[in-house]
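[1] Have a look at this prediction, sequence included:
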Amino acid sequence: MSGITELINTFVTEYKKTPAKLKFAYMMLVGTFPFNSFLAGLLCSLAFFSLTASLRMQSDPANKDFEGLSPERAYADYVLANMVLFLAAWNYIG
């Protein structure tokens, strides 16, 4: 496994543990007054995890499904998708 794949694996493993769970716990303790903000934050965390898992699949040299895709192209797609995701979440917060 390459170094970049190990780095992405570590990030995905640690990221899936915290932000969405913290936001949900905060909602249970405090309430859902700014519900749009809660939804935008929670869905953004889940979508960011999904995009990062997709980057990991595309950058893994052992995965033959993305054989013709260069790592630079996969990273550029990842950055562009995250920009669209965060723009949508920012607009949803209002």
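    Great, that's in hand. Numbering: from 1, shown residues only.
[2] Do me a favour and get the end-to-end distance for stretch 22-41?
    One end of stretch 22-41 sits 11 Å from the other (Cα to Cα, to the nearest Å).
[3] Equivalent analysis for stretch 63-79, please.
    21 Å.
[4] Return the distance of residue 34 relative to residue 55.
    30 Å (Cβ to Cβ, to the nearest Å). C-beta coordinates here come from the backbone N, C-alpha and C atoms, glycine included.
[5] neighbour count winner among those two?
    Per other Cβ atoms under 10 Å, whichever of residue 34 and residue 55 has more neighbours is residue 55, with 23 against 12.
[6] Who are the contact partners of the closest residue to the more buried one other than its chain neighbours?
    If the residues on either side of it in the chain are set aside, residue 55 comes closest to residue 78, at 4.4 Å by Cβ to Cβ, 6 or more residues apart in numbering. Residue 78 is in contact with 51-52, 54-55, counting by Cβ atoms under 8 Å, 6 or more residues apart in numbering.
[7] In JSON lines: those residues, plus distance to residue 87 and pLDDT.
    Output for the contacts of residue 78, formatted as JSON lines (distance: Cβ to Cβ, whole Å; pLDDT from 0 to 100):
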{"residue": "51", "distance to residue 87": "14", "pLDDT": "91"}
{"residue": "52", "distance to residue 87": "18", "pLDDT": "88"}
{"residue": "54", "distance to residue 87": "18", "pLDDT": "89"}
{"residue": "55", "distance to residue 87": "19", "pLDDT": "88"}
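[8] Out of these, which is nearest to residue 25?
    Within the contacts of residue 78, proximity to residue 25 (Cβ to Cβ) peaks at residue 52, which comes in at 21.8 Å.
[9] Within the helices and strands, which one has the closest one?
    helix 35-59 (DSSP states H and E).
[10] what's near enough to touch the residue nearest the centre of the chain?
    By Cα atoms, centre = their mean, the chain has its centre lying nearest to residue 48, at 1.6 Å. By Cβ under 8 Å, 6+ apart, the contact set of residue 48 is 15, 82, 85.
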